[in-house]
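1. Sequence and predicted model, in that order:
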Amino acid sequence: MRKPVRSLLAFATFLFPWALSAQPFSIRVPIVTQVQGAALYRTSLTIGNNSGTQSASVTLVLSYRSPVDSTFQTKSLAVNGPIAPHRSFFLEDFIQEFKNAGGIRPQDASVGLFGSLLVRVTGISNDDDISVVARTYSPATGGGTNGIAYVGRRTDQSGSPRIHALLRNGTFGTDGQTRANIGFVNIPLLVVAPTKV
């Protein structure tokens, strides 16, 4: 939320404490995966609740196109119990968690999957109190992992109308062939009508 809106909400809450209720909201994670390539690539998920008083109830909604029959699948999984204030929820392998819960069709369970995630949150008044971070990673030579982390974004927040990216394909140093991947996320544009003050 923008600061003037937040100030107005705080003032309204002071005058009318019942006016501000915990409205549901959603956070989009553009990609989650579990695929075997040169290494096993998978996505971890961390959801943090920075609220001082409110617990967050969370439902995870996975959407993916089946590599088996090209059908579009949408599956839901509720996080077991609310996330308490100043606590976090972590999944080491997001897709595997869905498989373990029976949320992936048997015909898709043994193939590599790429999908997107919608995190539905209820019980929190201030959407800034919830953070969602995904990390797609693979094992590193000599131990540990290599990966990239990215934050989830509110589905009703707008993005930049332009995309800027630097990519490099081909030989890079001494590692042989280096390939770069790029993805695009279609974030709805939030239009705010001008008002007189």
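-> Now that the structure is in, tell me what you want to look at. Residues are numbered from 1 along each chain as shown.

2. all helices for the protein, in order.
-> 3-15, 94-100 (DSSP state H).

3. Run through the neighbouring helices and strands of the longest strand anywhere in the chain.
-> Identified as the longest strand of the chain according to DSSP state E is strand 25-36. Strand 25-36 sits against strand 40-49, helix 94-100, strand 113-122, strand 130-139, strand 153-154, with contacts defined as 3 or more Cβ pairs under 8 Å, 6 or more residues apart in numbering; DSSP states H and E. Bear in mind the C-beta positions are built from the backbone N, C-alpha and C, glycine included.

4. about what we covered before: worst mean pLDDT among the helices of the chain?
-> Ranked by mean pLDDT, the helices of the chain end with helix 3-15 at the bottom, a mean of 49.

5. Minimum distance to Pro30: which of the helices and strands packed on strand 25-36 has it?
-> Among these, the nearest to Pro30 by Cβ to Cβ is strand 113-122 (5.8 Å).

6. Show the pLDDT at Pro17.
-> For Pro17, the pLDDT comes out at 43.

7. returning to that earlier point: in its sheet, what does the longest strand of the chain sit against?
-> Paired neighbours of strand 25-36 in the sheet (DSSP bridges): strand 40-49 (antiparallel), strand 113-122 (antiparallel), strand 153-154 (antiparallel).

8. For the first one, buried residues please.
-> Residues of strand 40-49 classed as buried under the neighbour-count rule (16 or more other Cβ atoms under 10 Å) are Tyr41, Arg42, Thr43, Ser44, Leu45, Ile47, Gly48, Asn49.

9. what do you get for the second one?
-> In terms of neighbour count (16+ other Cβ under 10 Å), strand 113-122 has its buried residues at Leu113, Phe114, Gly115, Leu117, Leu118, Val119, Arg120, Val121.

10. hang on, the earlier thing: next, format the helices and strands packed on strand 25-36 as TSV and append distance to Thr74.
-> Listed next are those as TSV, based on distance: least, Cβ to Cβ, whole Å:
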stretch	distance to Thr74
strand 40-49	17
helix 94-100	11
strand 113-122	9
strand 130-139	18
strand 153-154	19
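
11. Would you tell me which of the ones you listed gets closest to Gly81?
-> For these, proximity to Gly81 was assessed by Cβ to Cβ; strand 40-49 is nearest, at 12.0 Å.

12. can you list the residues that contact that closest one?
-> For strand 40-49, contacts defined as Cβ atoms under 8 Å, 6 or more residues apart in numbering pick out 29, 31-35, 55-56, 58, 60, 79, 83-96, 117, 119, 124, 129-139.

13. ok, 6 Å please
-> Applying Cβ atoms under 6 Å, 6 or more residues apart in numbering, the contact partners of strand 40-49 are 32-35, 56, 83, 85, 87-94, 131-136, 138.
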